[in-house]
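1. Next come a sequence and a model predicted from it.
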Amino acid sequence: MERPSLEFNLPDTHEEGKLYVVDSLNNLNKLNVCPAESQHSLDQEDNTGGTGERIAGRNAGNQRLFFVTFVLTLTVSLALVSFVIFLIFQTRNEVDQISSRLLSEKKNIEELKKLNNFILKHLNQSRIKE
């Protein structure tokens, strides 16, 4: 749909009349752009004035909120990454300890096997002699 043109030729009207027409056009534009639910907030802004200051304040507040959220997210991410790195080092240390224990146990088992073989040989020889 085509929007009707909001341009009017205003022949020789007074300044006050021009301001009234421009204000009416702004109100008409607000009605065309904004849904019915938000018209109440627009009327309040018109009554109180200073909408530019409010918008600038909201933008600054939104930017601060975004910045604070961004910094908090980075801080939490850094803490999580540090914790994961700490866990990796701890796990590696534990694995190294377990590996060294397994190697020492393997040596002990091999020594026990040798001792067992020696005992079995000795028993076999003693049976033969008897």
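-> Nice, I can see it.
2. where do the helices sit along this protein?
-> In the chain, the segments counted as helices under DSSP state H are 15-33, 39-48, 51-129.
3. Out of those, which gets the lowest mean score?
-> Across those, helix 39-48 has the smallest mean pLDDT, namely a mean of 54.
4. need the helices of the chain in CSV with mean neighbour count, can you?
-> Using the backbone N, CA and C atoms, a C-beta is placed for each residue, glycine as well. Shown next, in CSV, are the helices of the chain (neighbours: other CB atoms under 10 Å):
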stretch, mean neighbour count
helix 15-33, 11
helix 39-48, 11
helix 51-129, 10
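5. Give me the distance between Ser99 and Ser82.
-> 26 Å (CB to CB, to the nearest Å).
6. With Thr75 instead?
-> Taking CB to CB, one finds Thr75 at 11 Å from Ser82.
7. Equivalent analysis for Phe89, please.
-> 11 Å.
8. Same question for Leu74.
-> In terms of CB to CB, Leu74 sits 12 Å off from Ser82.
9. Check Glu94 too.
-> 19 Å.
10. same check, this time on Phe118
-> Distance from Phe118 to Ser82, by CB to CB: 54 Å.
11. Please apply the same query to Lys107.
-> Distance from Lys107 to Ser82, by CB to CB: 38 Å.
12. now swap in Thr69 and tell me
-> Distance, Thr69 to Ser82, using CB to CB: 20 Å.
13. same thing with Leu123?
-> 61 Å.
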